[in-house]
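> the sequence and its predicted three-dimensional model are supplied below.
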Amino acid sequence: MGKMGYLKMKTDEISSDLIESDLRELGIAATKLANHALVLGSGLGFGTTFLKFLASLAAIYLLILDRTNWKTNMLTSLLIPYIFLSLPTVIFSLLRGEVGKWIAFIAVVIRLFFPRHFPDWLEMPGSLLLLLVVSPSFLADTVRGGIIGVIICLIIACYLLQEHIRASGGFRNSFTQSKGVSNTIGIVLIMVYPVWRLVIYFL
């Protein structure tokens, strides 16, 4: 009986040591997982900010193209809300503050009292600036910073892409015609940001 009791105690000690060792390894693994998740999260945040900035530049680029090569009023009008929704927070806050108000005020004064000195190519940028300054907080904060704004951006990008492909005479022509390639690349770039945001959101 003494020998059996000794063996039982020995077995319990070994089991206890194994459990403690397993728990220790589990804690180390959880710590590593948390560190990796933090690093990955930081990388995803940086990637989202970069793509948002790139999408805004691409939309502005398409807006410039529209005033020169690609005459489509539908494209111009849809790019304005896209830029409003995708503009980086730093630039958005700057233009929504006193700086943007003064620029918008000067633009309105010139448009009202000196219409001949107000060039046509400033119509859309002026509309965008007014939208930035006078938009309600619900649109500027809640919709713009939420998933609804991302979905609207994706819908606009998809619509512009299919309209451009149709105008080019097919998917292949949109990538082969010298005039259409730059437009296609710009539209693809404005599509990448909302797709990325949606992937991150549902991960």
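Thanks, I have it. Numbers count the residues shown, from 1 in each chain.
> show me what contacts the nearest residue to residue 83 once chain neighbours are set aside?
Excluding the flanking residues, the one nearest residue 83 by C-beta to C-beta, 6 or more residues apart in numbering is residue 59, at 4.8 Å. For the C-beta atoms, the positions are set from N, CA and C on the backbone; glycine is no exception. Contact partners of residue 59, counting by C-beta atoms under 8 Å, 6 or more residues apart in numbering, are 79, 82, 83, 86, 186, 190.
> whichever strand or helix holds residue 59 - what's its average pLDDT?
Element membership for residue 59, per DSSP states H and E: helix 2-68. Averaged across helix 2-68, pLDDT comes to 62.
> what packs against the next helix or strand along the chain from it?
Downstream of helix 2-68, the next assigned helix or strand under DSSP H and E is helix 73-86. Here helix 73-86 touches helix 2-68, helix 123-134, helix 147-168, helix 178-202, going by 3 or more C-beta pairs under 8 Å, 6 or more residues apart in numbering; DSSP states H and E.
> returning to what we had before: for residue 203, state which of the contacts of residue 59 is nearest.
Comparing the contacts of residue 59 against residue 203 with C-beta to C-beta places residue 86 closest, at 20.3 Å.
> now do the closest one against residue 124, distance only.
Going from residue 86 to residue 124 by C-beta to C-beta, to the nearest Å gives 16 Å.
> more crowded one of these two?
residue 86 (28 against 19; other C-beta atoms under 10 Å).
> the more buried one touches residue 52, doesn't it?
Yes: contact criterion C-beta atoms under 8 Å: residue 86 and residue 52 qualify, at 5.8 Å.
> next, the contact list for residue 132, please.
Contacts of residue 132 by C-beta under 8 Å, 6+ apart are 84, 87, 92, 95, 96, 100, 140.
> before we move on, what about residue 189?
Counting by C-beta under 8 Å, 6+ apart, residue 189 has contacts 54, 55, 58.
> top of the residues you listed by neighbour count?
residue 55 (27 neighbours).
> list the contacts of the residue nearest to that residue when sequence neighbours are not counted.
Excluding the flanking residues, the one nearest residue 55 by C-beta to C-beta, 6+ apart is residue 193, at 3.7 Å. By C-beta under 8 Å, 6+ apart, residue 193 lies in contact with 48, 51, 52, 54, 55, 86, 153.
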